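Trainee: Please work out how this folds:
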Amino acid sequence: MYRCALSLALAASCVVAQAQTHRFFPATALRGELVVTQFPDVQLNGQPARLAPGARVKNEDNLWVPPAGLTGQKLLVHYTVESSGLIMDVWVLNAAERENKLWPRTPAESASWQFNPGNQTWSKP
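Mentor: Just a heads-up that it's a prediction; the model follows:
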């Protein structure tokens, strides 16, 4: 019993450590600068945009946060857009993720670059 509890605690600490340094993003995720102005309205890369109903925002530790709690903060994020053009998923980048400088900012860049999902890197052709 004690060995199982110790193993579970060790596994949980490894998951937390990984979440703080490296997350897996979909190939459709774009990078941008997000400012929540008045929920659900946001500024994305200086342009007005809107969060979708049910949008999910995760902070640097991969924990869900209410978007309204981020009002006024300028955040470097990865985000996905649903078919209607509303922002659906938002991940606030941690320090390790910000170090990965090459990430598409537009759908055109995403379509022309190569994505390696295993190590979460992009390369230009």
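
Trainee: Report how many residues lie close to the closest residue to residue 31 other than its chain neighbours.
Mentor: Distance criterion Cβ to Cβ, 6 or more residues apart in numbering; nearest residue to residue 31, sequence neighbours excluded, is residue 103 at 4.2 Å. Backbone N, C-alpha and C define where each C-beta goes, glycine included. Neighbours of residue 103 under the rule other Cβ atoms under 10 Å: 22.

Trainee: Could you do residue 51 as well?
Mentor: Neighbour number of residue 51 under other Cβ under 10 Å is 23.

Trainee: which residue packs closest to it, ignoring adjacent ones?
Mentor: Take residue 51 and drop its neighbours on the chain: the residue closest to it by Cβ to Cβ, 6+ apart is residue 40, 4.2 Å away.

Trainee: any idea how far residue 120 is from that neighbour?
Mentor: 28 Å (Cβ to Cβ, to the nearest Å).

Trainee: Please export the C-alpha coordinates of whichever strand or helix holds residue 111 as PDB.
Mentor: Element membership for residue 111 (DSSP states H and E) is helix 107-112. C-alpha atoms of helix 107-112 as PDB (Å, rounded to 0.1, in the frame of the first residue of the first chain):
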ATOM      1  CA  PRO A 107      -3.000  30.200 -41.100                       C
ATOM      2  CA  ALA A 108      -0.900  30.800 -44.300                       C
ATOM      3  CA  GLU A 109       2.300  30.300 -42.300                       C
ATOM      4  CA  SER A 110       0.800  27.100 -40.800                       C
ATOM      5  CA  ALA A 111      -0.100  25.800 -44.200                       C
ATOM      6  CA  SER A 112       3.300  26.300 -45.700                       C
END
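
Trainee: Let me see the residues that make contact with that helix.
Mentor: 27-28, 30, 104, 124-125 (Cβ atoms under 8 Å, 6 or more residues apart in numbering).

Trainee: Understood, closing this out.
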